[in-house]
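[1] give me the fold of what follows.
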Amino acid sequence: LRFKALALLCFVGSWGVTGEILQAVAPARAPSGTLLFAWNPLLLFELVGNGHNDVLMVLLLLLAILVLVRGPKLLVFPLLAAAVLTKLPVVALGPAFLLGLLRPPATARQRVAWIVGGGLLGLGLAVLLYAPFWEGRETLYFLSRGNWFTASPPTMLREYLRGYYPYEEAGRLAATLVGAGFFLFIV
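    A predicted model of the protein is given here:
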C-alpha cells in the first residue's frame with residue numbers, strides 16, 4: 001500500500017510538472033494537455049494501480065524537461081541522472097537533452113557550465129547512490145556475463161571475435177567492449 005501511495009504521489013506530482021512544462025511552451029494547451037495526462041486510464045492503471053517505479057522515473061524525467069525549458073539548467077543532467085538511476089532506458093534521451101542545452105540564446109560559457117557542471121553533478125549523484133552497494137567489478141555484473149547475450153550487437157561482436165579468439169575469450173572480450181561502450185555512451 002505504501003508503494004502504491006508513493007506511486008500515486010509521483011503521478012499527481014507529474015500532473016503538476018506536466019502543467020508547468022505546457023504553461024512554458026504552449027500556454028493555450030496547458031489545461032487540456034495536463035488533463036490528457038492526468039485522466040489517462042492506462043497511466044492510472046499501470047503506474048499507480050500496479051505500483052510501477054516507472055512513475056518515479058516519469059516524474060524525474062518531467063522535472064528534467066521543466067528545468068530545461070525554465071531553468072536552472074544546471075539541474076538538467078542531475079535530474080536526468082536520477083531518472084536513469086531509476087530506469088536505465090532513459091539514458092537514450094541524453095542526446096536530446098544535450099541538444100536542448102546547446103540551443104540559443106545562451107552564451108558558450110553558460111552552455112559549457114550547464115553541460116560540464118550538470119554532468120559532474122549527475123555523476124556525483126550516481127557515485128553517491130552507488131557507493132553503499134559497490135563491491136568492485138562484480139557490481140557491474142554485465143562485464144562478467146561471459147557468453148550470456150540477449151541482444152544482437154553483442155552476439156555479432158562475439159561471433160566476429162571468434163575468428164581471432166577462442167569462444168570463451170571472444171565472449172568475455174565482447175562483453176567487456178559492449179560494457180565499456182555502454183559506459184562511454186552514458187558518460
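
[2] can you give the contact residues for the helix or strand of the chain with the lowest mean pLDDT?
    Ranking every helix and strand in the chain by mean pLDDT, DSSP states H and E puts helix 152-161 at the bottom, with a mean of 80. The contact list for helix 152-161, computed with Cβ atoms under 8 Å, 6 or more residues apart in numbering, reads 147, 149, 169-171, 173-175, 177-178. For every residue, glycine as well, the C-beta is placed using N, CA and C.

[3] next one: phi and psi at the closest residue to residue 29 other than its chain neighbours?
    Leaving out its chain neighbours, the residue that sits closest to residue 29 by Cβ to Cβ, 6 or more residues apart in numbering is residue 22, at 5.7 Å. Here is the backbone geometry of residue 22 (degrees, to the nearest 10): phi -60, psi -40.

[4] shouldn't residue 22 be in contact with residue 30?
    Yes - counting by Cβ atoms under 8 Å, residue 22 touches residue 30, with 3.9 Å between them.

[5] to what extent is residue 85 buried, counted in neighbours?
    18 (other Cβ atoms under 10 Å).

[6] swap that for residue 163, sorry
    Counted with other Cβ under 10 Å, residue 163 comes out at 7.

[7] how far away is it from residue 157?
    The spacing between residue 163 and residue 157, counted by Cβ to Cβ, to the nearest Å, is 11 Å.

[8] also residue 8?
    Taking Cβ to Cβ, one finds residue 8 at 43 Å from residue 157.
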